[in-house]
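1. got a sequence here, can you build the structure:
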Amino acid sequence: MNQITPIRAFDRADQQGRRRKSAVKRIAPIILVPAALAALAVGFRLGQEGWPLPAWVPAPVASVIGGSAPTPTGPIAYYRDPTGKPFYAAAPKKTEDGRDYRPVPVGEDVSFEEKPKDTAAEGSAGAGGKRILYYRNPMGLPDTSPVPKKDSMGMDYLPVYEGEAEDGSTVKISPGRLQRTGVRSEIVERRVVTRPVRVPGTIKLDERRIAVISLRSEGFVEKVENVTTGDRVRMGQSLFRLYSPEIAAASAQYLSVVNEGGSTGIRPLVLEGARRRLENLNVPPEVISEIERTRKVPTTITWSAPREGVVLERNAIEGARAMPGDVLFRIADISTLWVLADVPEHDLGAVRPGQTVTIRLRSLPGQVFQGKIGLIYPQLNPETRTARVRIEIANPSGLLLPDMYADVEVATGADKPVVAVPDSALIDTGTRQVVIIDKGEGRFEPREVKVGDRGAGFVEIRDGVVQGDQVVVSANFLIDAESNLKAALQSMAASTEEKAQ
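-> Got it, this is the predicted structure:
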């Protein structure tokens, strides 16, 4: 067994002593630094409150605590009390205990950031001395709280101040929120509201301007003039010559009556009957006048064009036999044409006779023609759910031809200016139509309206707003949701009060 010698024991004791001293050196800063900081904080608090500093506070620390700060650079705005009291001076000054006022440089006391309000310290009093009624959910949920609260995501509930709930429909929004949400308003004006209805159409002949040349008795075509299909003819222009035994016999009888009337004084009734027979055979009036003038029965009769127009059909052939009812010529006046357009059922209420119509032809790009609605046919196509509209259009230059395709644009709406708002100002839920009225100073009121015609980015307002009102045209859905939430919360609060009573 080994024994410890005195020398070795002394060495061991000496080593243990050195270790203790080293440990004390390491622990001392940990203990002394917090103590020094605590003493400095106490001294700073005493200095700020105006109490005299203890003698044990070092001079450099006392100068900082007492308010002596490094001289600032730049212009000085004013000087303030070093203890933090609301005392200010325009020039350097000292306190009663001899300390210098602290200089405040220009711009150092200006802050553009909005400081958060201590709602917990305010209690039931808000900004401007207004009493807080309750706190509502920041996400718009129908949840309220009588005290400050946070939702599940850590967002603070929003206070509702006294006076903001006086009108259940009016919403008040701070200027900062207005700028962030992009709310924009416009003044209500009177304007012409038109909505174009664009439909396809087809050009057709005017049924009232078509003439057909046919016989009422058997005859033979002796000669046909140099007139073919597509030619333009004048009114009274000769078309063909015809021999008809029946017309010749009636002409001879009429001439006999005319000749006898001059010598025997035959009664006018007989003369009228003989003339009526020729007219019933469709003999032209100029042929009857020629018989009276020449006192001769013509072998053939010249048939002329009854109107000016274009020859659409020619069936007369020289030497051919023509039976009663046969169409020898078909002539149409194309100076005025029709455009038949099919208007969908949902647009039919906006179309009425007399409205101006713009017509563009696919075969004539760049040219625009004007017309007017003459008739809306009283019948709906059950397959296409469209109604046919007849439009009259002038064709003096003859550019329009039957059966051309056309693009028809009907300018629907009022001809006179009406009260109208932009389309974006109207909130249409299907059961109600609402606009948001801007009352100024961040106050907004949802108001139900009655709408009329729409078009060109505007909608007619027949009841609810007047000229000069300001309506919200941007972010109005957010304000409407805010108003609905407010009304719901007030309704809940009212029902809660009733139950409590």
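2. drop to CA atoms for contacts and neighbour counts, all remaining ones
-> Will do.
3. give me the pLDDT value at Val212.
-> Per-residue pLDDT puts Val212 at 95.
4. now do Lys223
-> Note for Lys223: predicted pLDDT of 95.
5. ok, the residue nearest to Val270 when sequence neighbours are not counted to Glu272 distance?
-> When the adjacent residues along the chain are set aside, Val270 lies closest to Val257, with 7.5 Å between them (Cα to Cα, 6 or more residues apart in numbering). Using Cα to Cα, to the nearest Å, we find Val257 at a distance of 10 Å from Glu272.
6. between those two, tell me which one has more neighbours.
-> Taking Val257 and Glu272 together and counting by other Cα atoms under 10 Å, Val257 has the greater number of neighbours (20 against 13).
7. buried ones in the helix or strand containing that one?
-> Taking DSSP states H and E as the definition, Val257 sits inside helix 245-264. If you call a residue buried by 16 or more other Cα atoms under 10 Å, then helix 245-264 has these buried ones: Ile247, Ala248, Ala250, Ser251, Ala252, Gln253, Tyr254, Leu255, Ser256, Val257, Val258.
8. one more: stretch 381-395?
-> In terms of neighbour count (16+ other Cα under 10 Å), stretch 381-395 has its buried residues at Thr386, Ala387, Arg388, Val389, Arg390, Ile391, Glu392, Ile393, Ala394.
9. list the contacts of the spatially closest residue to the second one that is not a sequence neighbour.
-> Across the structure, with Cα to Cα, 6+ apart as the measure, the residue nearest Ala387 apart from its sequence neighbours is Leu380 (4.8 Å). Residues counted as contacts of Leu380 (Cα atoms under 8 Å, 6 or more residues apart in numbering) are Thr386, Ala387, Arg388.
10. in strands only, show me those.
-> Residues from the contacts of Leu380 lying in strands, with DSSP state E as the criterion: Thr386, Ala387, Arg388.
11. am I right that the second one is in contact with Val351?
-> No - because the distance of 10.6 Å does not satisfy Cα atoms under 8 Å, Ala387 is recorded as not touching Val351.
12. which stretches of the stretch 251-400 of the chain have low pLDDT?
-> For the stretch 251-400 of the chain, the stretches flagged by pLDDT under 70 are 261-267.
13. please, where are all the strands along it?
-> For the stretch 251-400 of the chain, the strands defined by DSSP state E, counting those that start in this stretch cover 301-304, 309-314, 321-322, 327-332, 336-344, 356-361, 368-381, 386-394.
14. what segments of the stretch 151-300 of the chain are helices?
-> Using DSSP state H, counting those that start in this stretch, the helices assigned to the stretch 151-300 of the chain run over residues 175-181, 245-264, 268-280, 285-294.
15. could I get the ones you listed as JSON lines with distance to Lys439?
-> Output for the helices of the stretch 151-300 of the chain, formatted as JSON lines (distance: least, Cα to Cα, whole Å):
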{"stretch": "helix 175-181", "distance to Lys439": "14"}
{"stretch": "helix 245-264", "distance to Lys439": "89"}
{"stretch": "helix 268-280", "distance to Lys439": "81"}
{"stretch": "helix 285-294", "distance to Lys439": "80"}
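16. among the ones you listed, which is nearest Thr429?
-> Minimum separation from Thr429 across the helices of the stretch 151-300 of the chain (Cα to Cα) falls at helix 175-181, 21.7 Å.
17. and Val212, what does it touch?
-> When contacts are counted by Cα under 8 Å, 6+ apart, Val212 touches Val327, Leu328, Phe329, Arg330, Ile331.
18. so which of the residues you listed comes closest to Met235?
-> The shortest gap between Met235 and any of the contacts of Val212 belongs to Ile331, at 10.4 Å (Cα to Cα).
19. report the contact partners of the nearest residue to that closest one once chain neighbours are set aside.
-> Of all residues beyond its chain neighbours, the one nearest Ile331 is Val311 (4.5 Å), with distances taken as Cα to Cα, 6+ apart. Under the criterion of Cα under 8 Å, 6+ apart, the neighbours of Val311 are Thr228, Thr229, Gly230, Asp231, Arg232, Val233, Phe329, Arg330, Ile331, Ala332.
20. hang on, isn't the fifth one packed against Glu308?
-> Yes - with contacts defined as Cα under 8 Å, Arg232 counts as touching Glu308 at a distance of 7.5 Å.
21. higher neighbour count, those two?
-> Residue environment comparison for Arg232 versus Glu308 gives the larger neighbour count to Glu308, 20 against 16, counting by other Cα under 10 Å.
22. ok, the more buried one touching Val233?
-> Yes - here Glu308 reaches Val233: they are 5.6 Å apart, a contact under Cα under 8 Å.
23. circling back: show me the two of the buried residues of stretch 381-395 that sit farthest apart.
-> Thr386 and Ala394 (25.2 Å).
24. pLDDT weak spots in the stretch 401-501 of the chain?
-> Counting by pLDDT under 70, the low-confidence segments of the stretch 401-501 of the chain come to 413-414, 475-501.
25. show me the contacts for Asp469.
-> Residues counted as contacts of Asp469 (Cα under 8 Å, 6+ apart) are Ile187, Val188, Ile437, Asp438.
26. that's all I had, so thanks and see you.
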